[in-house]
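Peer 1: could you work out the structure for the sequence below:
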Amino acid sequence: MNASHGASRVVALVPAAGMGVRLGENKPKAFVPVGGSPMLALAVSGLIDSGSVDEVVVMVPAELVDETRALLPVSNILVHVVIGGAERTDSVRAGLNAAPDADFVLVHDAARALTPHSLITRVVDELRAGAQAVIPALPVTDTIKAVNATGAVVGTPDRASLRAIQTPQGFEAALLRAAYATGTQATDDAGLVELLGATVRTVPGDALAFKITTPLDLVLANTLVAQDGTTGTREAVTTR
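Peer 2: This is a model prediction of the structure:
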């Protein structure tokens, strides 16, 4: 069922202005193809096809606005493109300004191009059930070490209490606006919300929602799409 059938409006923001230096490409990372389609197009299609959002706002560099509009999928859901900022936080702020009527906001990395539809729906369902902030999380499987400036180990956190966080991250729109109004910097949107003292809930993540950051990630993504036979298939294949 589409989100428009519910009582609240869900708007997904997709920051896509970063260059992604670690990927080794000479273009913004969101425009690098996976299986022949730009990551950005795949990410937006996934949001639309989940049936859980009412609108998508994409934030890109000014010089790529027209190109972005041409590559995004045609849909009965409103998808529009706005100019992003120099930093991710600037882009999300621009997206929030373009979605003044949102009740709930999702912030989704374009680089998580293979995110299953079911994961997007889980986040939205948790918001509709009353959560203020929701993030997908996976248990950490590697041992994690804390190190100092010289590289010496200073501690070993218990990985049983650690989680790797994915997107989309979902929020009550008013809460996320308040978090961004502080002007504070954080590595993710949930981090800003945590500083306000709000409770951030987790839902099970999915291995397919990995972030395409390095050349090896890109190889994996292309291999998965080739095995799938289509970039449109987003059903989760991992254990929750």
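Peer 1: for the protein, what's the longest helix?
Peer 2: Counting by DSSP state H, the longest helix found in the chain is helix 215-228.
Peer 1: mind listing what's buried along that helix?
Peer 2: Residues Asp217, Leu218, Ala221, Leu224, Val225 are the ones in helix 215-228 that count as buried (16 or more other Cβ atoms under 10 Å). All C-beta spots, glycine's among them, are computed from the backbone N, C-alpha and C.
Peer 1: same check, this time on stretch 192-212
Peer 2: Residues 192-193, 198, 200-203, 205-206, 208-212 are the ones in stretch 192-212 that count as buried (16+ other Cβ under 10 Å).
Peer 1: low-confidence regions, the chain specifically.
Peer 2: For the chain, the stretches flagged by pLDDT under 70 are 1-6, 19-25, 229-240.
Peer 1: centroid-nearest residue for it?
Peer 2: For the chain, the residue nearest the mean C-alpha position is His108 (1.9 Å; Cα atoms, centre = their mean).
Peer 1: need the contact list for that one.
Peer 2: Ala12, Leu13, Val14, Ala43, Leu47, Thr115, Ile120, Thr167, Pro168, Gln169 (Cβ atoms under 8 Å, 6 or more residues apart in numbering).
Peer 1: now do it against Gly183, distance only.
Peer 2: Taking Cβ to Cβ, to the nearest Å as the criterion, His108 is separated from Gly183 by 23 Å.
Peer 1: hang on, the earlier thing: as CSV, the contacts of His108 with neighbour count, distance to Ala98 and secondary structure would be great.
Peer 2: Shown next, in CSV, are those (neighbours: other Cβ atoms under 10 Å; distance: Cβ to Cβ, whole Å; DSSP: H, G, I helix; E, B strand; the rest coil):
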residue, neighbour count, distance to Ala98, secondary structure
Ala12, 33, 12, strand
Leu13, 28, 8, strand
Val14, 29, 12, strand
Ala43, 27, 17, helix
Leu47, 27, 15, helix
Thr115, 27, 22, coil
Ile120, 28, 20, helix
Thr167, 28, 18, coil
Pro168, 32, 17, coil
Gln169, 24, 18, strand
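Peer 1: what's the closest of these to Arg93?
Peer 2: Arg93 lies nearest to Leu13 out of these, by Cβ to Cβ, at 9.7 Å.
Peer 1: got a list of what the closest one touches?
Peer 2: Here Leu13 is in contact with Val56, Val57, Met59, Val92, Gly95, Leu96, Ala99, Val105, Leu106, Val107, His108 (criterion: Cβ under 8 Å, 6+ apart).
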